[in-house]
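**Student:** The following block contains a protein sequence and its predicted model.
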Amino acid sequence: MTMPRTVSEIRDSVRSGDVSAMDVCRNALDQIASNDGLLNAFNTVSADRALERAADIDRGRQEFALAPLAGVPIALKDNICTRGIRTTASSMILETFVPPYDATVVERLNAAGAVIVGKTNCDEFAMGSSNENSAFGPVKNPWALDRIPGGSSGGSAVAVAAGMTPLSFGSETGGSIRQPAAMCGIVGLKPTYGRVSRYGLLAFGSSLDQIGPFGHTARDCAIALGVIAGADTADATSATRGVDDYEGALTGDIRGLRVGVPSQMLASGVDPEITQAVSAAFDVLRARGATLLDIELPHAKYAISVYYMVATAEASYNLARYDGARYGLRIAQDDLGSMYAKSRERGFGAEVKRRIMLGTYVLSAGYYDAYYLKAQQVRTLIRRDYEDALKTVDVVAMPTSPIPPFKIGEKSADPLQMYLADVFTVSANLAGLPAISMPCGFTASRLPIGFQLTGRPFDESTLLRVADVFERDTEWWKQQPSIPR
Amino acid sequence: MSELSKDVVKAVAALANLELEPEEVALFARQLGDVLTHAEELRRIDTTGVSPTAYGVAQAPVDRPDVVMPSLAIDDALANAPERERLPRGGGFFKVPRVIG
């Protein structure tokens, strides 16, 4: 039999006994073994543990009869701590780090019957939009091996897009789930800030970071979010409000939905093929009974400047902990200060150093008000733009990325140009809002295109419902890349 | 501003406990200058009376009961240490170069 492709199919087949968790797990490991030499999506494959775990699930099938992810193989971005499995953040400074504890999401995924098959490659400490900033080499886009998969959660996106695992998890600080989802032709969801516990996620920008799922379908992301969402005493910023029934929200009905499109903002700077595909996607929603309304987000154009002040400031203090004293790489020196500085010099890659430097600069005396405080004030204006817009519309829609995946190496020399490509994704993080990217077409050279919806705080249900409706009327999510062997 | 001075780059690197190669100093002087120049667009926005946002979606602080909870075992906490010392009667240390002369 052919192996089921989606989370819901696998879960149902494992629960009913049509397929064993062991067969599903072996299939995932086989796919990784035959494809990942080319793709480089995994930093660590935990094959033995995964097989043991699958055997446990098969033995205890009654126990997992209602488990939402029974026997589903998953891949985790390598900045999510896994007890006993190396967690590197794709950095030399953590090359041999083995966490002594599980992130809260990992505990919840284990309890839900998921089988962790490995840890995925990413931009170092999640800093990047191309997955080129990894100490373990770039990840390749399965649709075009000479191109980037997006970042920073590139490996997690590729694990799903290339059929290695049906579900994976990444993290977002400024688009690091949605942008690679768009560039790899799959669905990626960034939950509302606080919806998912950050405990055990290696911190980058603490007021922005969120963990979220990648899948082929909105339903798969709904199932996954239902597992990982919810309050956690280990994360004081996790939201105490109850978790919705996300799968139950997929009613297929979006009649009367009001979709806001910031058309002025999209008038220039977007690749014409992307504009065309996204506008066709809007037509699909309209045909299902949604109304499209023009909205304005007057301050959204400043989001990049705000983001790169705020995120780097937060990064500069979050990464101060990597100093060679308690864990991670140490370059032995005679005095403590030199040990810190040398260990950090050798341990961090160029992009991480660049961001630590920028963040340290904007927080330092004399520049704080002009850059950091000013950015936090404009952040308020961006948040208000969305609050105002979401009073008259239910979701805001736009392309996920203004450009299709570019060639590996093409933009590495100019960090600012790379940052500017995050223009459509960073606002949701700054405002704390949930957002989802879904596949909506291909360029003429068969590179995936995605569009995204941003919603009200904690209204992931609406985003997932719209994405599910869109899938019912389109075939983009069924497309699979052919990877040379 | 177009480029940061090399002295500023070196001072910031010292604050961040980062040692930089001379080529990195020159590179960052230019690249950080580019980003900061771009960010100067924020100065054009009137933010008089606008309060800063630290969290996009914030909730009131949540209290938890003040009770002792299990924490990491000492061996687990020390397991990743580049250099450590475990005492025979319990307790342990992360070892670092001498701090006090």
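**Tutor:** Looks like it arrived, so ask away.
**Student:** so where's chain B uncertain?
**Tutor:** For chain B, residues meeting the criterion pLDDT under 70 lie at B:1, B:101.
**Student:** would you list every one of the strands in it?
**Tutor:** Along chain B, counting by DSSP state E, strands occupy B:84-86, B:92-94.
**Student:** Touching the first one from outside, list them.
**Tutor:** Residues from elsewhere that reach strand B:84-86, judged by C-beta atoms under 8 Å, 6 or more residues apart in numbering or on different chains: B:74, B:75, B:78, B:92, B:93, B:94, B:95. Every C-beta, even on glycine, is put in place using the N, C-alpha and C of the backbone.
**Student:** The second one: how many residues sit nearby?
**Tutor:** What that stands for is residue B:75. 11 (other C-beta atoms under 10 Å in any protein chain shown).
**Student:** How about the last one?
**Tutor:** Applying other C-beta under 10 Å, we find 12 other residues in the vicinity of residue B:95.
**Student:** residue contacts, the closest residue to it other than its chain neighbours?
**Tutor:** Leaving aside its chain neighbours, residue B:95 sits nearest to residue B:83 (3.9 Å; criterion: C-beta to C-beta, 6 or more residues apart in numbering or on different chains). Counting by C-beta under 8 Å, 6+ apart, residue B:83 touches A:330, B:94, B:95, B:96.
**Student:** Name the residue of chain B that lies nearest to chain A.
**Tutor:** residue B:56 (2.5 Å; C-beta to the nearest C-beta).
**Student:** okay but that residue is in contact with residue A:206, surely?
**Tutor:** No: using C-beta atoms under 8 Å as the test, residue B:56 is too far from residue A:206 to be in contact (12.0 Å).
**Student:** Out of the contacts of strand B:84-86, which comes closest to residue A:63?
**Tutor:** residue B:75 (30.8 Å; C-beta to C-beta).
**Student:** and the nearest residue to the closest one once chain neighbours are set aside, what are its bridge partners?
**Tutor:** Distances taken as C-beta to C-beta, 6+ apart place residue B:86 nearest to residue B:75, at 7.3 Å, with adjacent residues excluded. When assigned by DSSP bridges, residue B:86 has beta-bridge partners residue B:92.
**Student:** Flag every residue of the stretch 1-150 of chain A that's near chain B.
**Tutor:** Those residues of the stretch 1-150 of chain A that sit near chain B, judged by C-beta under 8 Å from any C-beta of the partner chain, are A:96, A:97, A:98, A:100, A:101.
**Student:** re the thing from before, how near is the residue of chain B closest to chain A to residue A:386?
**Tutor:** 9 Å (C-beta to C-beta, to the nearest Å).
**Student:** So between the two, which is more surrounded?
**Tutor:** It is residue A:386, of residue B:56 and residue A:386, that has more neighbours when counted by other C-beta under 10 Å, with 26 against 23.
**Student:** Next up, the contacts around that one.
**Tutor:** Residue A:386 neighbours (C-beta under 8 Å, 6+ apart): A:297, A:396, A:427, A:431, A:433, A:454.
**Student:** which one of those residues is nearest residue A:402?
**Tutor:** Distances from residue A:402 to the contacts of residue A:386, taken by C-beta to C-beta, are shortest for residue A:427, at 13.4 Å.
**Student:** Please identify which helix or strand holds the closest residue in space to that closest one that isn't next to it in sequence.
**Tutor:** In this structure, residue A:427 finds its nearest non-sequential neighbour in residue A:303, 4.5 Å apart by C-beta to C-beta, 6+ apart. Residue A:303 is part of helix A:303-318 when elements are defined by DSSP states H and E.
**Student:** now residue A:43
**Tutor:** strand A:42-45.
**Student:** which residues are contacting that strand?
**Tutor:** By C-beta under 8 Å, 6+ apart, strand A:42-45 touches A:29, A:32, A:36, A:75, A:78, A:85-86, A:88, A:90, A:117-121, A:136, A:155, A:159, A:164.
**Student:** let's go with 7 Å and repeat that
**Tutor:** The contact list for strand A:42-45 (C-beta atoms under 7 Å, 6 or more residues apart in numbering or on different chains) reads A:32, A:36, A:78, A:85-86, A:88, A:90, A:117-121, A:136, A:155.
**Student:** Paired strands for it, with orientation please.
**Tutor:** In the sheet, strand A:42-45 lines up with strand A:115-120 (antiparallel) (DSSP bridges).
**Student:** tell me what the helix or strand following the partner strand is packed against?
**Tutor:** Of the helices and strands lying after strand A:115-120 in sequence (DSSP H and E), the nearest is helix A:154-161. Counting contacts by 3 or more C-beta pairs under 7 Å, 6 or more residues apart in numbering or on different chains; DSSP states H and E, helix A:154-161 packs against strand A:73-77, strand A:115-120, strand A:167-172, helix A:178-184, strand A:210-215.
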